[in-house]
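Enquirer: Have a look at this prediction, sequence included:
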Amino acid sequence: MSATAVSADKLGLSQATLDKLDSVFRLHSAIDSVLIYGSRTKGNYRPGSDIDLTIKGSTLEFAELMQIEDQIDDLYLPYTVDLSQYDQLTNPDLIAHIDRTGIVIYDRHTDRNLTCEQYRQLK
């Protein structure tokens, strides 16, 4: 099944930024997918808005999550990146928000830039 890709511009990011993030995610086999959410997907971001990301991966451990954060920090992106592990989220409103507005920007098995609904249809 094909999905409509979301352009980097729609997220207020350059393709180079998404590619740099992608290069980090590819280093970690424990990552199944990464979703972007928040103002970047709702379209109300501002210049300098942070990048909210959550990682899905059932075998991802805390130490590896910290390593991923360090690797993202080493990219010297002009944004703050807020990184979370989806399986560890406890706020039901945040989980619902991610499920409703999140966009998959990295997936080990499929093309990236799928809405959560498109991603669920592929699974």
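Expert: Now that the structure is in, tell me what you want to look at. Computed from a prediction, not measured in an experiment: that's the story for all the values here.
Enquirer: can we go C-alpha only for contacts and neighbour counts from here?
Expert: Will do.
Enquirer: now the strands for this protein?
Expert: According to DSSP state E, the chain carries its strands in the segments 33-37, 51-56, 81-85, 103-107, 114-115.
Enquirer: Show me the beta-bridge partners of the residue positioned nearest the centre of the chain.
Expert: In the chain, the residue lying closest to the centroid (CA atoms, centre = their mean) is residue 35, at 3.0 Å. For residue 35, the beta-bridge partners under DSSP bridges are residue 54, residue 104.
Enquirer: now the strands of the chain in TSV, with mean pLDDT and distance to residue 16?
Expert: Listed next are the strands of the chain as TSV, based on pLDDT from 0 to 100; distance: least, CA to CA, whole Å:
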stretch	mean pLDDT	distance to residue 16
strand 33-37	95	16
strand 51-56	97	14
strand 81-85	97	15
strand 103-107	91	13
strand 114-115	50	18
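Enquirer: just to revisit the earlier point, now do the contacts for the residue nearest to the centre of the chain.
Expert: Residue 35 makes contact with 53-55, 98, 102-106, according to CA atoms under 8 Å, 6 or more residues apart in numbering.
Enquirer: Which pair of those residues spans the longest distance?
Expert: 98 and 106 (14.8 Å; CA to CA).
Enquirer: returning to that earlier point: mind picking the one among the contacts of residue 35 that's closest to residue 39?
Expert: Closest to residue 39, out of all of those and judged by CA to CA, is residue 102, at 10.2 Å.
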